[in-house]
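Undergrad: Okay, sequence plus prediction incoming.
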Amino acid sequence: MTSDPADGHPVPAVRLITVSAAYGAGGSVVAPTLAQRLGLPFLQRVTTTEGQVAGTVPCHERLVAEEEKTTPVHRVLASFTHSMPVGPTQSPLSARHHDEDLRGGAEAGIHGLLADGGGVILGRAAAVVLGRDRGFHVRLDGPPARRIIQGAEIEGISREQASVHMQAADKARTAYVRRLYRVDPGDVALYHMVIDSTAIPLDTVVELILTAVRSHRGESISGSSART
């Protein structure tokens with residue numbers, strides 16, 4: 001094992017980490033910090049309402065150039081909050097093709113990281129796409145009232161605004177996973193670790209995840225072993 005570039009600790013054999021986070025749970029802080037600590041590439045959400053956080057990798061939403069060329073995934077938030085269920089002007093066939101385009105574009109980044117040797121992925125239903133045999137999957141959540149408070153602090157907005165953002169983001173993220181993969185992103189069975197990241201400081205959350213990843217008796221990113 002090599003050393004953690006930030007603190008000299010061993011880098012885990014599992015070099016593919018996914019972070020699923022409800023609004024205000026701090027995914028936009030925790031995930032890029034993990035990537036920085038481990039010296040790994042970081043892949044953003046497809047969409048987000050959470051803003052840039054000082055001192056971390058920029059957390060406003062952006063896509064890699066290849067994704068922008070292949071699919072309009074930057075409009076997925078509007079798509080999933082305004083076009084469900086399929087209306088009379090959209091046929092089931094066109095809706096299916098639309099979903100396939102969204103899924104293919106979002107998964108391209110995941111498989112790109114996989115091919116390059118790993119990284120940290122925020123959102124994108126990555127735990128579902130990869131399965132428990134590949135990588136280490138984390139879910140961040142917490143009571144809505146506390147997520148509003150933390151979301152407001154992260155974005156630098158009022159709690160009233162954060163409440164509106166939470167409702168929109170939670171709805172869109174849940175709809176994205178349910179519509180494309182037919183699962184609930186809050187299902188704890190998808191993850192190796194679930195944390196109430198509103199109950200403890202986010203820097204402690206990062207340390208907990210790093211400790212768990214270093215101790216994980218999981219599989220390499222090839223995913224050839226049996227499930228744990």
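TA: Sure thing, it's come through. This one's a predicted model, so the numbers in the text were calculated from it and none came from an experiment.

Undergrad: Run through the strands of the protein in chain order.
TA: 16-21, 42-43, 119-122, 136-141, 193-196 (DSSP state E).

Undergrad: Which stretch among those strands is buried most, on average?
TA: Ranked by mean neighbour count, those are led by strand 16-21 with a mean of 29 (mean count of other CB atoms under 10 Å). Placement of C-beta: from N, CA and C, glycine included.

Undergrad: Next one: A31 from I209, what distance?
TA: Per CB to CB, to the nearest Å, A31 is found 9 Å from I209.

Undergrad: Next: R146.
TA: R146 is 19 Å from I209, by CB to CB.

Undergrad: and if you look at P32?
TA: 13 Å.

Undergrad: returning to what we had before: now the strands of the chain in JSON lines, with mean pLDDT?
TA: Rendered in JSON lines, the data for the strands of the chain read as follows (pLDDT from 0 to 100):
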{"stretch": "strand 16-21", "mean pLDDT": "95"}
{"stretch": "strand 42-43", "mean pLDDT": "91"}
{"stretch": "strand 119-122", "mean pLDDT": "94"}
{"stretch": "strand 136-141", "mean pLDDT": "96"}
{"stretch": "strand 193-196", "mean pLDDT": "97"}
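
Undergrad: so can I have JSON lines of those showing distance to G151?
TA: Listed next are the strands of the chain as JSON lines, based on distance: least, CB to CB, whole Å:
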{"stretch": "strand 16-21", "distance to G151": "11"}
{"stretch": "strand 42-43", "distance to G151": "20"}
{"stretch": "strand 119-122", "distance to G151": "15"}
{"stretch": "strand 136-141", "distance to G151": "12"}
{"stretch": "strand 193-196", "distance to G151": "14"}
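
Undergrad: quick revisit: pick out whichever of A31 and I209 has more residues nearby.
TA: Set A31 next to I209 and count neighbours by other CB atoms under 10 Å: A31 wins out with 30 against 25.

Undergrad: The more buried one against P41, yeah?
TA: No. In this structure A31 lies outside contact range of P41 using CB atoms under 8 Å: 11.5 Å.

Undergrad: Identify the contacts common to those two.
TA: Residues touching both A31 and P41 by CB atoms under 8 Å, 6 or more residues apart in numbering: V120.

Undergrad: Report the contact partners of the closest residue to A126 other than its chain neighbours.
TA: Distance criterion CB to CB, 6 or more residues apart in numbering; nearest residue to A126, sequence neighbours excluded, is T18 at 3.9 Å. By CB under 8 Å, 6+ apart, T18 lies in contact with 120-122, 126-127, 130, 135-138.

Undergrad: Return the member of the residues you listed nearest to L190.
TA: A127 (4.7 Å; CB to CB).

Undergrad: Isn't the closest one up against A189?
TA: No. If you go by CB under 8 Å, A127 and A189 don't touch, sitting 10.0 Å apart.

Undergrad: Those two: who's more crowded?
TA: Between A127 and A189, counting by other CB under 10 Å, A127 is the more crowded of the two (28 against 8).

Undergrad: gap between the more buried one and V205?
TA: Taken as CB to CB, the span from A127 to V205 is 17 Å.
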